[in-house]
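S.K.: Dropping the sequence and predicted coords here.
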Amino acid sequence: MSLIASVPRPLSTRAPRGSASIVWIAAIVVAGAMAVPLIYLIVRAAGADADAWNDLLRDSTWRLLRNTVLLAVSVTGASIAISLPIAWLVVRSDLPLRRFWLVLSVLPLVFPTFVGALAYIAAMGPRGTLQGVLGPLGVESVPQITGFEGAFLALTLFSYPYLLLTLLAGMRGVDPSMEEASRALGVGAWRTFFRVVVPQLRVPLAAGSLLVALYVVSDFGAVSILRFDTFTRAIFVQMQSSFDRSAAAVLGLELVALVGLILVMEAVTRSRGRYYASGAATPRTPRRIRLGRWRWAAIAFLVVLMLAALVTPMAALLDWLIRGLQNDEPIRDLWAGAWRSLWVSAAAAGVAVAAALPVAIVAVRKRGAMAGAVERVSYVGFALPGIVVALSVVFFALNVVPGLYQSWTLLIFAYLVLFLPQSIGPLRASLVRVRPSIEEAARGLGRPRGSVLTTVTLPLIVPGMVSGFALVFLTTMKELPATLLLAPIEFETLATQVWLQAEEAFFARASAPGLLLIAVAALPMALILIRERGLRD
Amino acid sequence: MTDTVATTADSTTPALACRGLRKSFGGVQAVHDVSFDVRPGEILALLGPSGCGKTTTLRLIAGFERADAGAVRIGGHTVVGERLSLPPEARRVGMVFQDYALFPHLTVGANVQYGLDAPAGRAEGLGAKLSRAAARYVPYAPAPADDRVREALALVSLGDMADRYPHELSGGEAQRVALARALAPRPELILLDEPFSNLDTRLRASVRAEVRAILKRAGAAAVFVTHDQEEAFSLADRVGVMWEGRVAQLGTASEIYRRPATRAVAEFVGDADFLPGRLAGGVVTTELGDIATVGEIGDGDRVEAMLRPETVRVAAAAASDPPDDGGWVTAHVIEHTYYGHDQVIALRLAGGALVHARLDFDATHAVGDTVRLRVEGPVVVFPAPAPPHG
């Protein structure tokens, strides 16, 4: 039997087609679109009159800077103080019920900070939940928490888990043989921990602190509900109250500069010294340190933390929900808001995945300065606060496409700038796992580039596309400042409902959408807990 | 550039003709003026050390790299020429990758089906044509039961595995699927890139024989790339040794082993010692006496004779068998390595030169012994390397 045909199949004489350059063009267009708003912000700020720039030197601007830095530093410090002991307790000690405490201590992540802030003022107010609980015990009044104390408390309690997660990964990555070497050299368990383990945590500590600090300076919801003047709140007030938006542009640029400073600081801590896992053939679980009687102190610490970060806010929200239902408060527009949140988030997620695809392909498959530039520019939204992106998009729209102002298209574009990095990440990771030889094999079997993309590459990266979609979807649900500034009139989502009602102190009306948002955020947490091996004991 | 390849496909048309192929990466010349033919049904090995340009040559033929210059004809059709470079999908070659590159989301049957076009209807309308074209873009197109798929899988003796997924296959099975997938569209030429490097050493010999049998049964012309001399010699009909981007020698395994064209080929293929000497009238005079030579190299005072350890005969110094009929030289055994099926000893000659000899498994020369040796000529002679300057 001869398998080689005697009559040759007709040969295609097509020259190589340019579908590779189609991917390139798409990637460059996406990256360019990501950069446009920021460029507009700079142009607008540069074009501001002297008065706006003179404002830079006014006391009020210094106060904003001081407030923002103070909040970022104190929240980051407090997060380290909370996360380092927890990470150590659940990874290295013989604390009972380690997995239970681990899951619980990551759980505050389900509170969007503005919902957490709402819960705290609902709990602490004169008619609040805490007063209701403590009143019969003879407590006359609980202190109001607004301003710095409130913002510090809410942001610490609901953003320390970001740091905790990176620390957990870092602590597991420490090679136990280094500790064994230290012990063999005659150094005790505790001294070994502080002299060998902690120094190796510097990189995850820096990375986690960066996340928290970025989160704090970008936060708009919590500081505005708790009435603490940082850059984000001031920008929002400027945008809403004055016709001259140059001042907002200048403030926005200052905020960008502050973010840039944080990124530089992190890069500096990271670059000094390198840390290697020595790649032991069989990674072993390190010996756990016995807590002895200290375990009660550890458990007390965890219980107090969970009371503050989970039980109190949850109880307050439920309390006000029940009060509202009892008083026949209209749970105004709840379902309409939920429906709007749902579809606008789904649309944003779909657009983000589609836009991320060419960028991820270029980042993984192409080499050279251009590919690197495309990828880096696409990550711009990771560092920019939502309020700054919203502001930039407003300027861009008013100057270039005024017809689009307060339209869906523009809102979804702002979401795209903000959350594109979240969809690139998983796509990139799954593309890296598709070996180039698989795509070459398909071409060798007679398929043109486009066919290879749809029949081989895309089916293999479906998991990455799904998680990219899910991430963007859930983050968009919780987005507040861009939605407030860019959504069409009367378009209330769950997030803006919480904020608007909380501003008016209608806690009962705010609690229902707040609880819905928590339920939405709990979904990916559940997935992480099920799938993430990092959280397994 | 002269193009001597015939334009009509007949039995004398080479399955593959490469002429003057060149490719450089960022100033480094990876492939340098490579030309060779592969006859229909012939298996050719490109053998060479890593970085010699053999894989790049293969990728130039397949179309995954674009040649800087040169021509490639596959089955008489020009696929690379002046201002022409067909994309890989238009070249009618089948490629077997080092890592097999099976599509993990498709069954074995669908993998083999992938390169086959859906069969055309008799009087096909525009609609049918369009839907057939569109089917190329559907990720999980329902595979029509295709005789070719069954035929190709039967050829590699995996007829019962069509419904398996690639992750359920052993390494040897995965390789045969890759081969069936490459053969199914009846390509003019099969290309194999280091096809056995991912296999267990124990499996290699048997898989090698199997692959050769399959290729021969299919009547396919094939080019495969390897750095393993044993693999090249045992699988290929002819071997091209590549060195620094060029084909240093092209011939049968025995030609390459016995009459290497350059010193580099001699050193890369098998073991060799080089003994300085003087060449006059086809006889080289060395420390081991006068030895007959082969090859065309002019007389000279500075040449080197290549000795394969198999061509060095060794006998005990005192023994009378074989009798000392001249041509024997004494030497000391300074090293001894036992391999089981044979053994190798290193011998120091009186003049200081070192010569290795391969002995039968039952020979008994030990380190420190004094022995007699002589070379069974004729030998290949190379010009001696230029002495280092300064």
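M.R.: Structure received.
S.K.: give the contact list for the residue nearest to A:Lys366 when sequence neighbours are not counted.
M.R.: Excluding the flanking residues, the one nearest A:Lys366 by CB to CB, 6 or more residues apart in numbering or on different chains is A:Trp24, at 7.5 Å. Any C-beta I mention is one placed from the backbone N, CA and C, and that applies to glycine too. Applying CB atoms under 8 Å, 6 or more residues apart in numbering or on different chains, we find A:Trp24 in contact with A:358, A:362, A:366.
S.K.: Domain map for the chain?
M.R.: Unless you meant another one, I'm taking chain A. Domain assignment for chain A by automatic domain parsing gives A:37-270+A:294-331, A:334-491.
S.K.: Switch to chain B, please.
M.R.: If you go by automatic domain parsing, chain B breaks into B:16-263, B:272-383.
S.K.: export those domains to a markdown table and tack on mean neighbour count?
M.R.: Below are those laid out as a markdown table (neighbours: other CB atoms under 10 Å in any protein chain shown):
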| stretch | mean neighbour count |
| --- | --- |
| domain B:16-263 | 19 |
| domain B:272-383 | 16 |
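S.K.: do you know which of the ones you listed lies nearest chain A?
M.R.: The minimum distance between chain A and the domains of chain B falls on domain B:16-263, with 3.2 Å, by CB to the nearest CB.
S.K.: related to what we said a few turns ago, who wins on neighbours among the contacts of A:Trp24?
M.R.: Most neighbours among the contacts of A:Trp24, by other CB atoms under 10 Å in any protein chain shown: A:Val362, with 26 neighbours.
S.K.: Tell me the buried residues in the helix or strand containing A:Tyr215?
M.R.: Taking DSSP states H and E as the criterion, A:Tyr215 maps to helix A:202-218. Neighbour counts using 16 or more other CB atoms under 10 Å in any protein chain shown place A:203-218 of helix A:202-218 among the buried residues.
S.K.: same question, stretch A:359-370
M.R.: For stretch A:359-370, the buried set under the neighbour-count rule, 16+ other CB under 10 Å, comprises A:359-366.
S.K.: would JSON lines of the domains of chain A with mean pLDDT be doable?
M.R.: Converted to JSON lines, those look like this (pLDDT from 0 to 100):
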{"stretch": "domain A:37-270+A:294-331", "mean pLDDT": "85"}
{"stretch": "domain A:334-491", "mean pLDDT": "89"}
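S.K.: Spit out the contact partners of the residue positioned nearest the centre of chain B.
M.R.: In chain B, the centroid-proximal residue (CA atoms, centre = their mean) is B:Ala45; its distance is 2.5 Å. With contact set as CB under 8 Å, 6+ apart, B:Ala45 has these partners: B:223-226, B:231-233, B:235-236, B:238-240.
S.K.: which two from these end up farthest apart in space?
M.R.: The largest separation in the contacts of B:Ala45, counting by CB to CB, is between B:Val223 and B:Phe233 at 15.6 Å.
S.K.: for the domains of chain A, which one ends up most surrounded?
M.R.: Of those, the one with the most neighbours on average (mean count of other CB atoms under 10 Å in any protein chain shown) is domain A:334-491, at a mean of 20.
S.K.: Pipe the contacts of A:Trp24 into a markdown table and attach secondary structure and distance to B:Val156 per row.
M.R.: Listed next are those as a markdown table, based on DSSP: H, G, I helix; E, B strand; the rest coil; distance: CB to CB, whole Å:
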| residue | secondary structure | distance to B:Val156 |
| --- | --- | --- |
| A:Pro358 | helix | 38 |
| A:Val362 | helix | 38 |
| A:Lys366 | coil | 36 |
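S.K.: The helix ranked longest in chain A vs helix A:202-218, what angle?
M.R.: Counting residues, the longest helix found in chain A (DSSP state H) is helix A:59-92. Relative orientation of helix A:59-92 versus helix A:202-218 (axes from the mean of the first three to the mean of the last three CA atoms, to 10 degrees): 140 degrees.
S.K.: excluding its backbone neighbours, what's nearest whichever residue of chain A sits closest to chain B?
M.R.: The minimum distance from chain A to chain B, using CB to the nearest CB, falls at A:Leu445 (3.2 Å). Leaving out its chain neighbours, the residue that sits closest to A:Leu445 by CB to CB, 6+ apart is B:Gly115, at 3.2 Å.
S.K.: Which secondary structure state does that neighbour sit in?
M.R.: Here B:Gly115 is coil, with the state taken from DSSP: H, G, I helix; E, B strand; the rest coil.
S.K.: residue contacts, it?
M.R.: Residues near B:Gly115 by CB under 8 Å, 6+ apart: A:444-447, B:94, B:181-182, B:184-185.
S.K.: B:Ala62: which of those residues is nearest?
M.R.: Taking CB to CB as the measure, A:Gly444 is the one of those closest to B:Ala62, at 6.0 Å.
S.K.: give me every residue that touches the nearest residue to that closest one once chain neighbours are set aside.
M.R.: Nearest non-adjacent residue to A:Gly444, counting by CB to CB, 6+ apart: B:Met95, 4.2 Å away. Contacts for B:Met95 (CB under 8 Å, 6+ apart) come out as A:440-441, A:444, B:62, B:182, B:190-193.
S.K.: Kindly report the same for A:Thr192.
M.R.: Neighbouring residues of A:Thr192 by CB under 8 Å, 6+ apart: A:179, A:182-183.
S.K.: Is B:Leu44 in contact with B:Val241, as I believe?
M.R.: No: assessed by CB atoms under 8 Å, B:Leu44 is found out of contact with B:Val241, at 11.5 Å.
S.K.: rewinding a little: return the subset of the contacts of B:Met95 lying in strands.
M.R.: Residues of these located in strands (DSSP state E): B:190-193.
S.K.: and which of the residues you listed is nearest A:Arg63?
M.R.: Among these, B:Asp193 lies closest to A:Arg63 (CB to CB), at 67.0 Å.
S.K.: Any idea what the closest one is bridged to?
M.R.: B:Val225 (DSSP bridges).
S.K.: low-scoring pLDDT stretches of chain B, where are they?
M.R.: Within chain B, the stretches with pLDDT under 70 are B:1-11, B:117-124, B:141-145, B:387-390.
S.K.: Could you tell me the angle between the lengthiest helix in it and strand B:189-193?
M.R.: Ranked by residue count, the top helix of chain B under DSSP H comes out as helix B:201-218. Angle, helix B:201-218 to strand B:189-193, by the same axes, to 10 degrees: 170 degrees.
S.K.: Helix B:201-218 packs against which elements?
M.R.: Applying 3 or more CB pairs under 8 Å, 6 or more residues apart in numbering or on different chains; DSSP states H and E, one finds that helix B:201-218 makes contact with strand B:43-47, helix B:147-155, helix B:171-183, helix B:229-235.
S.K.: closest to A:Val90 out of these?
M.R.: Short answer: helix B:171-183, nearest of the helices and strands packed on helix B:201-218 by CB to CB, at 41.3 Å.
S.K.: ok, and does the closest one reach over to chain A?
M.R.: Yes: looking at helix B:171-183 against chain A by CB under 8 Å from any CB of the partner chain, the contacts come from B:178, B:181-183.
S.K.: Next, give me the two most distant ones among those residues.
M.R.: Most distant of the residues of helix B:171-183 next to chain A, by CB to CB, are B:Ala178 and B:Leu183, 9.8 Å apart.
S.K.: and B:Gly240, what helix or strand is that in?
M.R.: Assigned by DSSP H and E, B:Gly240 falls in strand B:238-243.
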